[in-house]
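In: Predicted model follows, preceded by the sequence.
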Amino acid sequence: MREFKRIKITPQLILKIFFWLILFFLYHLTEYGNKWAHSARGGFLIIGSGRIPYASLPGVFTSILTLILIAWVVFFRKAGFYASITILFLRFIRLGLNLLQHNLMIMPGIFMGLVALISVILIYQSNEQIIKTQKKYRKELEEFNKSIIGAFTNCIDGKDAYTNGHSYRVALYTTMLANKLGVKDQETLDKYYNIGLLHDIGKISIPDAILTKPGKLTPEEFNTIKSHAKRGYEILKDVKIQDDIAAGAHYHHERYDGKGYPDGLSDKQIPQIARIISVADAFDAMSSTRSYRTKLPLDVIAEEIKRCSGTQFDPEVAEAFLQLYREGAFDNLRQENL
């Protein structure tokens, strides 16, 4: 049996339906006015001190109808176009039947109908061409942004053989966690992926001798490593590729209990994307072989994430990770990415 997709009720959809009903009501109102004007026998419509001949009203109402049909095309695109064409087709049938009865009074209506038909077709084609061009440029811009972000990411991961691929894995885990937390919008997930890719961009400015040092870091060297969060923010703060692009780099080492760096933020003061990246980053660090230790088993990592829930990590994000772990989401993923 065929399954039908559930229609998601959004404020935009409600507004569209409301606007459609208004236009539909106005259409019927003008149709009624048009019929009344055609049936009127001479005379004038008195409005204040002005007089409008009844004979001119059909043209007025037909012009209003044309504007309504054009509005349908502009606001509802293909659905509005087909609705307008159907209405015009039915009008031409009715006008044609009147013409067969030698009713020449409907000739202006036929003329205005042809004008409406041509206007609707031209505006629909023009509107679709504009939208097609916008989509093309948007896609080209997205591809350009992806290539720039990819180039930055390769520079980051290329600094250290042990962390090669780290940024891509963190970006992937970030989207998995975000999805588990209820983020379903693909545009938002793509944004989170890009932010995850660039979370360590500040390491570009860290000397290789410190970044790849196999032994224990001195306090001064550790402070230099910690500075990559601020440096990443400085690099990305003026980049307009997308909103919040610098948030991951700036805050992914903040802790839920406020003991992190660089700003000592806590709880929900830390942007959601940074709280997610914090878990994704820690998971990849523990599940990768580094210069100072081998990778840890998944069950040990899960216990560590659970232990640090509420202190280092946001409990909600930690629980999302644990749910994915219990579902086996990471079982084969780590092998594929090593």
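Out: Ah, there it is.
In: moving C-terminal of the helix or strand harbouring residue 305, what's the next helix or strand?
Out: Here residue 305 sits within helix 298-307, counting by DSSP states H and E. Next along the chain after helix 298-307, taking DSSP H and E as the criterion, comes helix 315-326.
In: shaky segments in this protein?
Out: 1-8, 23, 26-28, 30-62, 98, 102-109, 160-163, 291-292, 333-338 (pLDDT under 70).
In: Just give me the longest helix of it.
Out: As assigned by DSSP state H, the longest helix anywhere in the chain is helix 107-157.
In: for it, packing partners?
Out: Secondary-structure packing of helix 107-157 (3 or more CB pairs under 8 Å, 6 or more residues apart in numbering; DSSP states H and E): helix 57-100, helix 166-180, helix 186-197. Quick note: C-beta positions are derived from backbone N, CA and C, even for glycine.
In: if we go to 10 Å?
Out: helix 57-100, helix 166-180, helix 186-197, helix 228-236 (3 or more CB pairs under 10 Å, 6 or more residues apart in numbering; DSSP states H and E).
In: still on that earlier bit, by how many degrees do the helix holding residue 305 and helix 315-326 diverge?
Out: Interaxial angle of helix 298-307 relative to helix 315-326 (axes from the mean of the first three to the mean of the last three CA atoms, to 10 degrees): 160 degrees.
In: can you list contacts of helix 298-307?
Out: For helix 298-307, contacts defined as CB atoms under 10 Å, 6 or more residues apart in numbering pick out 279, 282-287, 295-297, 312-313, 315, 317-319, 321-322, 324-326, 328, 330-331, 334.
In: And the residue nearest the centre of this structure?
Out: By CA atoms, centre = their mean, the chain has its centre lying nearest to residue 187, at 3.6 Å.
In: If you count neighbours, what's buried in stretch 306-323?
Out: Judged by neighbour count (16 or more other CB atoms under 10 Å), stretch 306-323 contains these buried residues: 306, 308-309, 312-314, 316-322.
In: you'd agree residue 172 is up against residue 193?
Out: Yes. Using CB atoms under 10 Å, residue 172 makes contact with residue 193 at a distance of 7.5 Å.
In: Pick the most buried one from the helices and strands packed on helix 107-157.
Out: Mean neighbours per residue, mean count of other CB atoms under 10 Å, is largest over these for helix 166-180, with a mean of 22.
In: then that helix to PDB, C-alphas only?
Out: Extracted C-alpha coordinates of helix 166-180, given in PDB (Å, rounded to 0.1, in the frame of the first residue of the first chain):
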ATOM      1  CA  HIS A 166      40.000  14.700  12.300                       C
ATOM      2  CA  SER A 167      38.000  17.800  11.100                       C
ATOM      3  CA  TYR A 168      35.900  15.700   8.600                       C
ATOM      4  CA  ARG A 169      35.100  13.100  11.300                       C
ATOM      5  CA  VAL A 170      34.200  15.800  13.900                       C
ATOM      6  CA  ALA A 171      31.900  17.400  11.300                       C
ATOM      7  CA  LEU A 172      30.200  14.100  10.600                       C
ATOM      8  CA  TYR A 173      29.700  13.300  14.300                       C
ATOM      9  CA  THR A 174      28.400  16.800  14.900                       C
ATOM     10  CA  THR A 175      25.600  16.300  12.300                       C
ATOM     11  CA  MET A 176      24.800  12.800  13.700                       C
ATOM     12  CA  LEU A 177      24.500  14.300  17.200                       C
ATOM     13  CA  ALA A 178      22.500  17.300  16.000                       C
ATOM     14  CA  ASN A 179      20.100  15.000  14.200                       C
ATOM     15  CA  LYS A 180      19.700  12.800  17.300                       C
END
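In: Quick one: residues contacting the residue lying closest to residue 155 once chain neighbours are set aside.
Out: Using CB to CB, 6 or more residues apart in numbering and skipping residues adjacent in sequence, the residue nearest residue 155 is residue 204, 5.9 Å away. Residues near residue 204 by CB under 10 Å, 6+ apart: 152, 155, 156, 158, 159, 211, 228, 231, 232, 235.
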